[in-house]
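In: after the sequence you'll find the predicted model.
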Amino acid sequence: MGRNLEITDKLQTYIDNFSQSLHPVQQEIISYNNTLGDIKRMQIDPSQCHFLHLIIKISNIKKVLEIGTFTGLSALSIALALPDDGKLIALDKNEETNKIASDFFKKANQLHKIETIIKPALESLDDLTSDKFDMIFIDADKMNYKEYYERSLKLINKAGLIIIDNVLWHGEVADENNIDKFTINIREFNDYVSNDKRVEQIIIPFGDGMTVCRVL
């Protein structure tokens with residue numbers, strides 16, 4: 001039976017050398033985040049940037065909702081993949097990081113595709129009830145994941161994609177002895193989604209793990 005390779009630093013360098021290069025502003029965001037200390041963990045992995053780019057391109061996605069933006073790496077990855085008339089609505093409550101993200105969007109000439117909304121995401125989602133999206137990317141506070149997921153199901157087009165980040169939670173979800181509240185919450189969320197007959201779903205081990213749901 002085949003199994004996933006362990007991705008060493010040497011192998012990751014090889015992969016990077018033979019993969020499509022990130023946009024210079026994506027690289028700039030990564031460099032900036034590396035100066036932030038432990039909080040940089042909120043950034044998605046470059047492999048996830050490539051995955052989001054590819055899935056948008058091959059699925060002809062035009063309208064996307066992002067829940068959780070941080071300094072803008074995932075949002076910019078999405079915007080760069082969207083067609084020129086595509087639209088991304090990015091939700092985040094942090095004004096400081098949102099300003100940083102918007103500066104990066106402007107530098108990459110993607111501001112025309114991106115609308116940012118700065119307030120708690122659950123409030124913003126209540127205001128978006130008349131909108132419909134082709135894809136929704138969830139990467140915000142983990143304790144509200146089930147709420148974000150349920151509200152996303154009301155906003156997604158049929159056969160649309162809901163993608164959720166951090167579902168492997170540093171590998172802790174598989175450790176039954178780990179009773180940290182965040183680990184338990186992610187573990188219960190994964191169980192909830194796996195039993196949801198409204199979607200078909202897989203977990204992809206990119207970054208900290210991504211669940212990709214296709215709405216039936």
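Out: Cool, the structure landed.

In: so where does residue 52 fall, helix or strand?
Out: Per DSSP states H and E, residue 52 falls inside helix 46-58.

In: again, but for residue 35
Out: Residue 35 belongs to no helix or strand, assigned by DSSP H and E.

In: one step back: how about residues contacting the helix holding residue 52?
Out: 16, 19-20, 22, 26, 30, 44, 61, 64, 73-74, 77-78, 80-82, 135, 137, 161, 163, 165, 204, 206-207, 210, 212 (Cβ atoms under 8 Å, 6 or more residues apart in numbering). (Glycine included, C-beta is placed from N, CA and C.)

In: let's see which of these end up in strands.
Out: 64, 135, 137, 161, 163, 165, 204, 210, 212 (DSSP state E).

In: closest to residue 102 out of those residues?
Out: Within the ones in strands among the contacts of helix 46-58, proximity to residue 102 (Cβ to Cβ) peaks at residue 64, which comes in at 16.8 Å.

In: ok, which stretches of this structure are helices?
Out: Secondary structure of the chain, counting by DSSP state H: helices at 9-17, 24-33, 46-58, 73-81, 95-107, 121-127, 145-155, 181-194.

In: between those helices, which gets nearest to residue 87?
Out: Of the helices of the chain, nearest to residue 87 by Cβ to Cβ is helix 73-81, at 9.2 Å.

In: just to check, residue 92 is in contact with residue 124?
Out: No - if you go by Cβ atoms under 8 Å, residue 92 and residue 124 don't touch, sitting 9.1 Å apart.

In: overlap in contacts of those two?
Out: Between them, residue 92 and residue 124 share these contacting residues under Cβ under 8 Å, 6+ apart: residue 117.

In: tell me which helix or strand of the chain sits lowest on mean pLDDT?
Out: Least confident helix or strand, the chain: helix 9-17 with a mean of 92, by mean pLDDT, DSSP states H and E.

In: give me the residues contacting it.
Out: The contact list for helix 9-17 (Cβ under 8 Å, 6+ apart) reads 5, 7, 46.

In: about what we covered before: please identify the most buried of the helices of the chain.
Out: helix 73-81 (a mean of 25; mean count of other Cβ atoms under 10 Å).

In: elements contacting it?
Out: Helices and strands touching helix 73-81, as assessed by 3 or more Cβ pairs under 8 Å, 6 or more residues apart in numbering; DSSP states H and E, comprise helix 24-33, helix 46-58, strand 63-67, strand 87-92, helix 95-107.

In: got TSV for the ones you listed, with distance to residue 143 and mean pLDDT too?
Out: Formatted as TSV, those follow (distance: least, Cβ to Cβ, whole Å; pLDDT from 0 to 100):
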stretch	distance to residue 143	mean pLDDT
helix 24-33	23	98
helix 46-58	22	97
strand 63-67	13	98
strand 87-92	16	98
helix 95-107	19	97
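
In: closest one to residue 171 among the ones you listed?
Out: helix 46-58 (16.1 Å).

In: got the angle for the closest one vs strand 87-92?
Out: 150 degrees (axes from the mean of the first three to the mean of the last three Cα atoms, to 10 degrees).

In: and helix 46-58, how far out from the chain's middle?
Out: What separates the centre of helix 46-58 from the centre of its chain is 10 Å, taken as Cα atoms, centre = their mean, to the nearest Å.

In: of the contacts of helix 9-17, closest to residue 144?
Out: Distances from residue 144 to the contacts of helix 9-17, taken by Cβ to Cβ, are shortest for residue 46, at 26.3 Å.
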